[in-house]
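Chemist: Okay, predicted coordinates and the sequence, questions at the end:
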Amino acid sequence: MKSTLIKYSLFGFLSGLLLFLILFQFTESVSEGVHLAISYFTMFVLALLVISATKQLKRNRGQINFKQAFTLSFLVCIAISLGVGLADYLFTAVIEPDFIDKYITKTLDTMSKTLSPEEFNNQKAAFLQQMVTFGSSIAMAFFMVLNVCTIGLIVSLITSYKFSKNS
């Protein structure tokens, strides 16, 4: 299990890092909705590594139980999420340090066009408070790691159940 874990974790970490760095380079050329859809699609594609890792472990061992499958798959998911989180941090802190300011400006502009003046002022105050609390590069990277881990947990549970049931 150790060699499979190292192989897929390293590949997942590097894939998450590189795919999201490439994805972040196109943030300004597409709409926020398209960018979000591509981000989630990329997370899903990265989660497919979990299935491959679990399938490889089963092929090597012949039989695996739920605990073995879940341990391997979730550890691979953690490695992937750390790669994605590092990409997020590098992008928002190093490559595009004014990303957060641009994000705030763009979001407030969208809110001003879609909300009534009274509602805009209420939402603006709440949004700016959230950005003070959670608007750092580290916080954004941490939330990205949690997001990818959550998707990975779901994929890990399903994959582990499927491969342990077939044993």
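Modeler: Right, received. Where do you want to start? Residues are numbered from 1 along each chain as shown.
Chemist: tell me the mean pLDDT for stretch 12-20?
Modeler: Mean pLDDT, computed over stretch 12-20, is 90.
Chemist: buried stuff in it?
Modeler: 12-13, 15-17, 19-20 (16 or more other CB atoms under 10 Å). Where C-beta positions appear, they are placed from N, C-alpha and C, glycine not excepted.
Chemist: Turn those into a markdown table, including secondary structure and distance to residue 160.
Modeler: Putting the buried residues of stretch 12-20 into a markdown table (DSSP: H, G, I helix; E, B strand; the rest coil; distance: CB to CB, whole Å) gives the following:
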| residue | secondary structure | distance to residue 160 |
| --- | --- | --- |
| 12 | helix | 16 |
| 13 | helix | 20 |
| 15 | helix | 21 |
| 16 | helix | 20 |
| 17 | helix | 25 |
| 19 | helix | 24 |
| 20 | helix | 25 |
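Chemist: where along the protein do the helices fall?
Modeler: Secondary structure of the chain, counting by DSSP state H: helices at 2-24, 32-61, 66-90, 99-114, 117-134, 137-165.
Chemist: Geometric centre of this structure: which residue is closest?
Modeler: The residue lying closest to the centre of the chain (CA atoms, centre = their mean) is residue 148, at 3.4 Å.
Chemist: That one contacts residue 77, correct?
Modeler: Yes: in this structure, residue 148 is within contact of residue 77 by CB atoms under 8 Å, at 7.3 Å.
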